[in-house]
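Peer 1: Fold the following, please.
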Amino acid sequence: MPTTTDINHIALLYCAATGADIDNPAIFNRAFTKFKNAKSLPSDDDIIKLAKLAKWDPKEWLIRINMVRSEGEARELYEDLLYRYLKGAKRPDMGFTQGPKHTSGEAA
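Peer 2: Residues are numbered from 1 along each chain as shown. As a prediction, this is how the structure comes out:
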């Protein structure tokens, strides 16, 4: 379930993408109400389009929208992903970048 803060963030993105005056309370409130009363949140593709129109980072917003849609442990993991992404944390090397090594002629 999206929180008020989640809806605020989506409304800000929408206003920025459409060129609306974010500082005008009436305009922002309409955007907020639009997403608060919506049966569903914007799709991944719509979030990417909005972020690009707003000239904001689409990767960040893709993580954010999936975080908003999630609950429980999944939401916590998305929050961690967002934190790491925003802090520029590098992905740990899990040993999968090289692919499997075959020492014999057998297929793995």
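Peer 1: Can you list the low-confidence ranges for this protein?
Peer 2: 89-108 (pLDDT under 70).
Peer 1: Residue 79 versus residue 10, what's the distance?
Peer 2: Distance from residue 10 to residue 79, counting by Cβ to Cβ, to the nearest Å: 16 Å. Every C-beta, even on glycine, is put in place using the N, C-alpha and C of the backbone.
Peer 1: who has more neighbours, those two?
Peer 2: More neighbours surround residue 10 than the other of residue 10 and residue 79, with 25 against 14 (other Cβ atoms under 10 Å).
Peer 1: Now residue 15: closest residue in space that isn't a chain neighbour?
Peer 2: residue 22 (4.7 Å; Cβ to Cβ, 6 or more residues apart in numbering).
Peer 1: That should have said residue 20, apologies.
Peer 2: Per Cβ to Cβ, 6+ apart, closest to residue 20 is residue 27, 4.9 Å.
Peer 1: Over to residue 31?
Peer 2: residue 11 (4.0 Å).
Peer 1: Any buried residues in the helix or strand hosting residue 35, and which?
Peer 2: Residue 35 belongs to helix 25-36 when assigned by DSSP states H and E. Using 16 or more other Cβ atoms under 10 Å as the test for burial, helix 25-36 gives 28, 31, 32, 35.
Peer 1: What is the most widely separated pair among the residues you listed?
Peer 2: Distance extremes for the buried residues of helix 25-36: the farthest pair is 28 and 35 at 11.2 Å, using Cβ to Cβ.
Peer 1: Need the residues that contact the helix holding residue 35.
Peer 2: Helix 25-36 is contacted from outside by 2, 7-8, 10-12, 14-15, 20-22, 41-42, using Cβ atoms under 8 Å, 6 or more residues apart in numbering.
Peer 1: Could you rerun that using 6 Å?
Peer 2: If you take Cβ atoms under 6 Å, 6 or more residues apart in numbering as the criterion, helix 25-36 is touched by 7, 10, 11, 14, 15, 20, 21, 22.
Peer 1: just to revisit the earlier point, from residue 18, how far off is the residue nearest to residue 20?
Peer 2: On the measure of Cβ to Cβ, residue 27 and residue 18 end up 9 Å apart.
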